[in-house]
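show me the folded form of this:
(2 chains)
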Amino acid sequence: MNDLVEALGISQPQVSKHLRVLREVGLVDAREHGRQRLYRLNGRTLKPIYDWAQRYERLWNERLDALDDVLDELKRGERDHGDQVR
Amino acid sequence: MVTRSGKGSAVLTLPSDTEILIAREFDAPRHLVWKAWTTPELVKRWWHANRGTVIQADIDLRVGGRWRWVSVTNRGQEVAFRGWYRAIVPDERLVYTEMYEAVQQSEDDEGTLNTVTFIDLGGGRTLVTMHTETYSREVRDMIIQSGMEAGMQDALDLLEDVARSL
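The predicted structure follows:
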């Protein structure tokens, strides 16, 4: 908790509030350890969101991979014609 | 959220419920990336995303000018997007509206506001960021889901190819 307060630069009540929300949706797990409460990130909960967005990301990857090929050709064109743009 | 395919790697993030941000580095100087993004004959060669053919890439590159890009998917479906340019800073920034024609509700429905920024990284490399303001979570989700549908379409195309070969 103190680490998070320091790293995020927000107050402890604010950090507590965020952690409570994250715990409610299962993004972090908490366990008591003496007087401390230890939090652990539960990445598995993010998997559905990742899967959901991944195909859209793939669409753009395929599009921009094709753009790489177009750019390679444009670079060759500039080199061959010597018309360097400065 | 980072996945890799091919030689480059586009990074998709969802900064808020209504925004989409994609970032990608290119091993090419900025003016060439700009050229490939704003020249119809070049757009036709990369916009297809291996899902079909770009049959139209109209670009009236001036503030207030219209654009319309049309693809035909491998299954023969026509997919058209259009909008108009709101701001143009050559080699640096392009701001335009984007409407997927199939879902346009009314004439004044302008769809999303896109900002493409071209950043010179030096050494002949360029970082492109594409920011989309969708104005609603529903539209944001629909756009993300469209990728999913395209993926499904891929799978169906493959299935069809396999079926044909039997």
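
going forward, measure contacts between C-alpha atoms and count neighbours the same way
Will do.

can you give the domain ranges for chain A?
The record's domain parsing of chain A by automatic domain parsing lists A:2-41, A:45-81.

pull out the buried residues from the last one.
Translated: domain A:45-81. For domain A:45-81, the neighbour count (16 or more other C-alpha atoms under 10 Å in any protein chain shown) marks A:52-68, A:70-71, A:74-75 as buried.

tell me which of the domains of chain A sits nearest to chain B.
Chain B sits nearest to domain A:45-81 of all the domains of chain A, at 3.9 Å, using C-alpha to the nearest C-alpha.

got a list of what B:Gly52 touches?
The contact partners of B:Gly52, by C-alpha atoms under 8 Å, 6 or more residues apart in numbering or on different chains, come to B:71-74.

of those, which belong to strands?
Applying DSSP state E to the contacts of B:Gly52, the entries found in strands are B:71-73.

most neighbours among these, which one?
Among those, B:Ser71 has the most neighbours (other C-alpha atoms under 10 Å in any protein chain shown), with 21 neighbours.

now do that residue against B:Ala102, distance only.
Using C-alpha to C-alpha, to the nearest Å, B:Ser71 is found at 13 Å from B:Ala102.

so the residue most central in space within chain A, which of the three states?
Against the mean C-alpha coordinate of chain A, by C-alpha atoms, centre = their mean, the closest residue is A:Tyr50 at 9.8 Å. Counting by DSSP: H, G, I helix; E, B strand; the rest coil, the backbone at A:Tyr50 sits in helix.

so how far is A:Gly43 from it?
10 Å.

mean confidence score for the helix or strand containing A:Ala66?
Secondary structure assigned from DSSP states H and E places A:Ala66 in helix A:47-81. Average pLDDT, helix A:47-81: 90.

please apply the same query to stretch A:9-17.
Mean predicted lDDT for stretch A:9-17 stands at 90.

then stretch B:129-148?
Mean pLDDT, stretch B:129-148: 90.

for that stretch, what is the distance to the chain centroid?
Relative to the chain's own centre, stretch B:129-148 is displaced by 11 Å; criterion: C-alpha atoms, centre = their mean, to the nearest Å.

what residues of that stretch count as buried?
Within stretch B:129-148, judged by 16+ other C-alpha under 10 Å, the buried ones are B:129-134, B:139-141, B:143-145, B:147-148.

name the nearest of those residues relative to B:Leu21.
Relative to B:Leu21, the closest of the buried residues of stretch B:129-148 is B:His131; by C-alpha to C-alpha it sits at 4.6 Å.

for the nearest residue to the closest one once chain neighbours are set aside, grab the count of nearby residues.
Closest residue in space to B:His131, ignoring its immediate chain neighbours: B:Leu21 at 4.6 Å, by C-alpha to C-alpha, 6 or more residues apart in numbering or on different chains. Using other C-alpha under 10 Å, B:Leu21 is surrounded by 18 other residues.

get me the contact residues on chain A for chain B.
For chain A, the residues in contact with chain B (C-alpha under 8 Å from any C-alpha of the partner chain) are A:50, A:52-68, A:70-72, A:74-75.
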